[in-house]
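Okay, sequence plus prediction incoming.
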Amino acid sequence: VQRVIPPNITLYPLWEELKVGSKVGILCILSGFYPDKLSVEWLLDDKTVTTSPVQRKLQSLEGEEKTFSLNSQLELDRSQWTQGSEVTCKATHNAAQGPPTGTPVSRTTSICSGGFQ
């Protein structure tokens with residue numbers, strides 16, 4: 001039986017990394033999952049975002065236990081964020097195995113819930 005560990009998801013708005021202007025970044029960190037079959041989808045107010053995020057996959061090794069992490073960064077127009085739009089990072093892990101291990105997990109944030117100015 002193959003070991004399956006679902007990802008932990010954390011969302012961070014990235015204000016300081018962007019120049020003053022019309023864009024804001026959102027970073028989705030998916031950590032500690034195994035195996036590395038993982039797909040990420042971004043949603044804005046429950047609609048799929050077609051902009052391609054910047055993604056980086058990392059592998060960690062603790063003793064014999066190998067796990068993976070994935071960082072996915074999306075850029076949005078600041079106006080979308082300040083209008084109170086909800087941004088969701090949705091991950092489907094190990095989808096080839098089907099339910100229940102292929103069940104999507106997600107995190108959602110907005111300027112209202114996060115309190116970011």
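That came through fine.

Confirm that Ser79 sits in a strand.
No. Counting by DSSP: H, G, I helix; E, B strand; the rest coil, Ser79 is located in no strand; its state is helix.

Quick check, it in contact with Lys23.
No. Contact criterion Cβ atoms under 8 Å: Ser79 and Lys23 do not qualify, at 10.0 Å. Bear in mind the C-beta positions are built from the backbone N, C-alpha and C, glycine included.

Same drill for the two, tell me which one is more crowded.
Of the pair Ser79 and Lys23, Lys23 is the one with more neighbours under other Cβ atoms under 10 Å, namely 15 against 11.

And the strands in this protein?
Secondary structure of the chain (DSSP state E): strands located at 8-14, 23-33, 38-44, 47-48, 54-62, 65-77, 87-93, 104-109.

Can you list the strands that the second one pairs with?
Partners of strand 23-33 in the sheet, by DSSP bridges, are strand 8-14 (antiparallel), strand 65-77 (antiparallel).

which residues sit against that strand?
5-15, 17-18, 38, 40, 42, 53, 67-78, 81, 87, 89, 91, 93, 107, 109 (Cβ atoms under 8 Å, 6 or more residues apart in numbering).

Now that we have the residues you listed, which of them are buried?
When the contacts of strand 23-33 are checked for burial by 16 or more other Cβ atoms under 10 Å, the buried set is 6-7, 9, 11, 13, 38, 40, 42, 53, 67-76, 78, 81, 87, 89, 91, 93, 107, 109.
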